[in-house]
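Engineer: Structural data only, the sequence is not supplied:
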């Protein structure tokens, strides 16, 4: 798979605003709208573009605390814990990692009490050794590409 500068520029534009028109992208990268459409479809077929989404501000929905929470688990229970975590509605992101924690999550909560209950629920799951929350105070950079 080979991507050129125009492909990368198209990806940057779409990452900032997936609703931008092909004509506008074409003006910015020096292609016709048909040329942009062909490149976007190619990027989709290659799996470079996996989908299009909406970016939601959790605070606007009443989720006043967002926690990036690391979870340490017994290795033999890793996938059992992951499957249990998938069922918790407030957990919006789950990743298996090779870093300090076997699992990293992003949790949305309405307040401290709700977050404490979620962390307590996680800590009681069989195989969980430790829950390590970090409250996100401010996002200073959030680039998709």
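Structural biologist: Noted; the coordinates are in hand. Bear in mind that the values here come from a model prediction, so they are computed numbers and not experimental data.
Engineer: drop to CA atoms for contacts and neighbour counts, all remaining ones
Structural biologist: OK.
Engineer: per-domain residue ranges of this structure.
Structural biologist: 5-45, 58-135 (automatic domain parsing).
Engineer: which SS class is the residue nearest in space to the middle of the chain?
Structural biologist: In the chain, the residue lying closest to the centroid (CA atoms, centre = their mean) is residue 93, at 6.1 Å. For residue 93, the assignment made with DSSP: H, G, I helix; E, B strand; the rest coil gives strand.
Engineer: can you tell which of the domains of the chain is closest to residue 145?
Structural biologist: Closest approach to residue 145 among the domains of the chain (CA to CA): domain 5-45, 6.1 Å.
Engineer: what sits against residue 51?
Structural biologist: Contacts here follow CA atoms under 8 Å, 6 or more residues apart in numbering; on that basis residue 51 touches residue 44.
Engineer: Likewise for residue 71?
Structural biologist: Contacts of residue 71 (CA under 8 Å, 6+ apart): 101-105, 128-132.
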